[in-house]
Every structure is written in C-alpha cells, then in structure tokens.
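Novice: requesting a structural model of the entry that follows:
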Amino acid sequence: MNAKSVAVDQPGRSGHYVRQPTGYSAFIPAPLPPSPPLRLAGAIQQLLSEADHALGRLDGSILTLPNPDLFVLMYVRKEAVLSSQIEGTQSSLQDLLAAEAQVMGASTPPRDVEEVVNYVGAMNQGLARLSTLPVSIRLVREIHEVLLRGGRGSRLTPGELRRSQNWIGPEGCTLADASFVPPPPSEIPQALGDLERYVHADDGMPVLIKIGLVHAQFETIHPFLDGNGRLGRLLITFLLVERGILSKPVLYLSHFFKRHRQEYYDRLQAVRDAGDWEGWLAFFLRGVAQVSAEATETARRVLALREEHRTHIADHFGRAAGHGHRVLESLYERPILSVNQVGELTGTTYPAANGLVKRFVEGGLLVEITGQSRNRRFRYEPYVRLFDDERPGDHPV
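Specialist: So this is what the prediction gives:
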C-alpha cells in the first residue's frame, strides 16, 4: 500500500515558522496530538492492523528461541550499525564485532566504530533504566551522554540541551540555505515538556500511532547539537518495550529507514511543511510491518542454524562433542573468539582447544579473520551472516 494515498496538505497543522532577529526562520512545533485530529480510517487503519499483526508474530517467534537474550544482543548490534550509518558512519557489523573482540589485524577498523560501540552502550543502558525510570527527558539526556561519549560528538555537550541554533541540510550548507531549521534554544524546554506530557497522556491513541508521532516530533525539536537522529530511533525501541508491545527489544526500524532514507527525510519534512502526519504514519507503519516480518524470519533461521550445527557437532566431534556444544552456545553471545578463550571455556589445554577450533573451521562454522599466525581470532561466520545481509543499495551515499 502506498503511503502517498493518505497525504494531506494542511500547513500550520504541526507548527509554524517564525522569523528570527538574524533573518532566518526557525520552526516552532505545535504540541501533540495533531489538530485537526488524525484521520485513522481506511489506509492508515489497514496499515496499523498489519503492523500490529506482524509485531505479534515477531514477539511469539522470539519466545521460541532457546536464549532470546542472545538474539537480542545481536539485534542491538545490527541496529547500532544501521542507525549510525544513516548519520554517515562507515563502520560495519564486522567492524563492531572486531572492536568488541579487540581484534588486532592488518586492517584498522574505521575511526567511527567508537560511535557504534557507544550506540550499543546507550541502547543497553536505556533498556536497563526502564525498570526504574520511564521514558522521559531525564532518560533521554542520560542516554545522549552515553551516545556521544568519546566519539565525534564528544565536544558537543553530551547530555545537555543545545544552547545554540542547529540546522539540517546538505554537508557544508549554512543556516541561510538549510533544508530545515529546528526551534531556537529558548523554545526547547517547552517543546520537550509538551512532548513528555503527551508520551504519558492516557488518551486512547493506538500505541504504534503514538510512537510514530513521538519520533517525528522529537526529530523536529532536534534538542541536541548532535545525535538527534540516533536518539530518536532509540526512543522507538524504548517506547515499544515500556508499553509492553514487545517482550524483547527486537524491532529496529533503522534497516527500513536506511533502505528508504530519502523518503524517511521527505516524510518528516512533509509533516512540518504540509502537516502531513498521515503520510508519515503510513510510512512508519509500513516499516514496522516489514521489519517485524524480517526479524521473525531471522529468528526462524537462527533456530534452524543452531539445530543444524548442534547436529553437526554431535555427528562429527566424537568425544569432544560436549565441549563443542559449549563453545557453540557461547558463540551466540560472542561471535568472535580465540583458541585461548576456547581453552578457558572448556577447561582444556591449548593443544586440545586448538584441535577443537580446527574441527569448527573444517565444518565451516568458524572462519579465521586475522590472517596471522599468532593471536588468531575466529568468527562464527554463518551466524553473523544472518545479521549482516545488507541488500543492494543499503550502503550510505
């Protein structure tokens, strides 16, 4: 279903531009919910139903996994990579895994891999904090501080609301020719306060609709000097978990947003310029349904892969099968390891551990990735490939 079928043109519905003393015009968002009210019948209602159904199937499929938390861990990594790539980083899932495993090889990971590592930390901290702190401006600021720690944005006041004007546009553009200018700093506290009140308002709005509105509003407010896009996408996951839509945080829309990056930006801008909340929500719900279906299929493939490899180990590892199964299970949490780590895990000597790793390599389960004779690292290639299957055109332009 094409999201354009529900487009509207109501300038001023989502806010208005105000000319500033220095000559540029900044956008002042209107509080949520939109007025006039959303039109949720027809196309939007159908998309909402499809998205709800796909989310339900995803939640059920995750619960069939032997250890859902390990699946979640890998999905957090994938989301971190894709969300960061939308903002221009070049680091891949392979780079992130190598950085986590402290692999020292001939090639040096991109410098921006630290930003992706921070994203993983921000996601995990945010999910942990939800048990004691609701989605709020306080939580957003805490997560922002983790997100920008030590990366390119570390000098851009991590955790602090901006005190200067920012803008959105092509690289090198100035405030005068920006594509969009968010509200001036003086408006940020009021806009965020309004947003937080809306998040917790008991208004009967369908949860997915509400989450879609909150994401777009946060991106419009753009309250920080850097990291707004990544943080806004983190909020989607936090809200899904807080509202109990998913028992595990495995819906990450960055894959969809990256695949349709220009439409993602255009839909957000159409909300501001034309009040087209319905067009944005149709796009958002279509993404929820597609990504949910993809994640459900990935969960199925993970389960099948695990059974296939457990059978292989039982059939080919002989008396070492017990140690082999122990190593296999550890790979779902840490897909890159060394011979020494295998020895520590199994309580065996280096020669025995080396022999066990050799069996994994011969069976196609592990691949040596350093090309070195010492300090070798091995990656659980078939598993990583399930999460690193970027489609043509997915790479940032």
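Novice: find the nearest non-adjacent residue to residue 288, please.
Specialist: Of all residues not flanking residue 288 in the chain, residue 51 sits nearest, at 4.0 Å (C-beta to C-beta, 6 or more residues apart in numbering). Yep, even glycine has a C-beta here, placed from its N, CA and C like the rest.
Novice: tell me who's in contact with that neighbour.
Specialist: If a contact means C-beta atoms under 8 Å, 6 or more residues apart in numbering, then residue 51 has 208, 285-286, 288-289, 292 as its contacts.
Novice: mind doing that once more with 10 Å?
Specialist: Listed by C-beta atoms under 10 Å, 6 or more residues apart in numbering, the contact partners of residue 51 are 206, 208-209, 212, 251, 284-292.
Novice: ok, of the residues you listed, which one's closest to residue 129?
Specialist: For the contacts of residue 51, the minimum distance to residue 129 (C-beta to C-beta) is 18.9 Å, reached by residue 251.
Novice: quick one: low-confidence parts of the stretch 101-250 of the chain?
Specialist: By pLDDT under 70, the weakly predicted segments of the stretch 101-250 of the chain are 103-111, 151-155.
Novice: ranges for the helices of it?
Specialist: Taking DSSP state H, counting those that start in this stretch to define them, one finds helices in the stretch 101-250 of the chain at 113-129, 137-147, 188-199, 207-221, 228-242.
Novice: quick one, which of those helices gets closest to residue 380.
Specialist: Ranking these by distance to residue 380, with C-beta to C-beta as the measure, places helix 113-129 first at 18.1 Å.
Novice: now for the closest one, which elements pack on it?
Specialist: Secondary structure elements in contact with helix 113-129, counted by 3 or more C-beta pairs under 10 Å, 6 or more residues apart in numbering; DSSP states H and E, are helix 68-86, helix 93-101, helix 137-147, helix 228-242.
Novice: list the buried residues in it.
Specialist: 113-127, 129 (16 or more other C-beta atoms under 10 Å).
Novice: and if you look at stretch 170-187?
Specialist: By neighbour count, with 16+ other C-beta under 10 Å as the criterion, the buried positions of stretch 170-187 are 178, 180-184, 187.
Novice: residue contacts, residue 243?
Specialist: When contacts are taken as C-beta under 10 Å, 6+ apart, residue 243 is in contact with 135, 199, 207-208, 210-211.
Novice: tell me the phi and psi of it?
Specialist: Here is the backbone geometry of residue 243 (degrees, to the nearest 10): phi -80, psi 0.
Novice: give me the contacts around stretch 167-181.
Specialist: Residues lying outside stretch 167-181 but in contact with it, judged by C-beta under 10 Å, 6+ apart, are 17-18, 20, 22-27, 88, 165-166, 182, 219-220, 222, 228-229, 265, 268-269, 272-273.
Novice: report the buried residues of stretch 303-320.
Specialist: So for stretch 303-320, counting by 16+ other C-beta under 10 Å, buried means 305-306, 309-310, 312-313, 317, 320.
Novice: make JSON lines from the residues you listed and add secondary structure to it.
Specialist: As requested, these are exported to JSON lines (DSSP: H, G, I helix; E, B strand; the rest coil):
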{"residue": "305", "secondary structure": "helix"}
{"residue": "306", "secondary structure": "helix"}
{"residue": "309", "secondary structure": "helix"}
{"residue": "310", "secondary structure": "helix"}
{"residue": "312", "secondary structure": "helix"}
{"residue": "313", "secondary structure": "helix"}
{"residue": "317", "secondary structure": "coil"}
{"residue": "320", "secondary structure": "helix"}
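Novice: just send those residues back as TSV, with pLDDT and distance to residue 70 too.
Specialist: Putting the buried residues of stretch 303-320 into TSV (pLDDT from 0 to 100; distance: C-beta to C-beta, whole Å) gives the following:
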residue	pLDDT	distance to residue 70
305	94	12
306	93	10
309	97	14
310	96	15
312	97	19
313	97	18
317	96	21
320	95	23
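Novice: pick out whichever of those residues sits closest to residue 36.
Specialist: Using C-beta to C-beta, residue 305 is the member of the buried residues of stretch 303-320 that lies nearest residue 36, at 50.1 Å.
Novice: re the thing from before, in CSV, list the helices of the stretch 101-250 of the chain along with distance to residue 367.
Specialist: CSV is the format used below for these (distance: least, C-beta to C-beta, whole Å):
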stretch, distance to residue 367
helix 113-129, 20
helix 137-147, 32
helix 188-199, 45
helix 207-221, 38
helix 228-242, 30
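Novice: looking at the ones you listed, which is nearest to residue 160?
Specialist: Go through the helices of the stretch 101-250 of the chain one by one with C-beta to C-beta and the one that ends up closest to residue 160 is helix 137-147, at 7.4 Å.
Novice: tell me which other helices or strands the closest one touches.
Specialist: Using 3+ C-beta pairs under 10 Å, 6+ apart, helix 137-147 is in contact with helix 113-129, helix 188-199, helix 228-242.
Novice: in that helix, what counts as buried?
Specialist: With burial defined by 16+ other C-beta under 10 Å, the residues of helix 137-147 counted as buried are 137, 139-147.
Novice: mind listing the strands for the protein?
Specialist: 15-19, 25-29, 336-337, 367-368, 378-379 (DSSP state E).
Novice: ok, residues contacting the last one?
Specialist: Under the criterion C-beta under 10 Å, 6+ apart, residues 94, 97-98, 101, 103, 331, 335-339, 341-342, 357, 360-361, 365-370, 385 lie in contact with strand 378-379.
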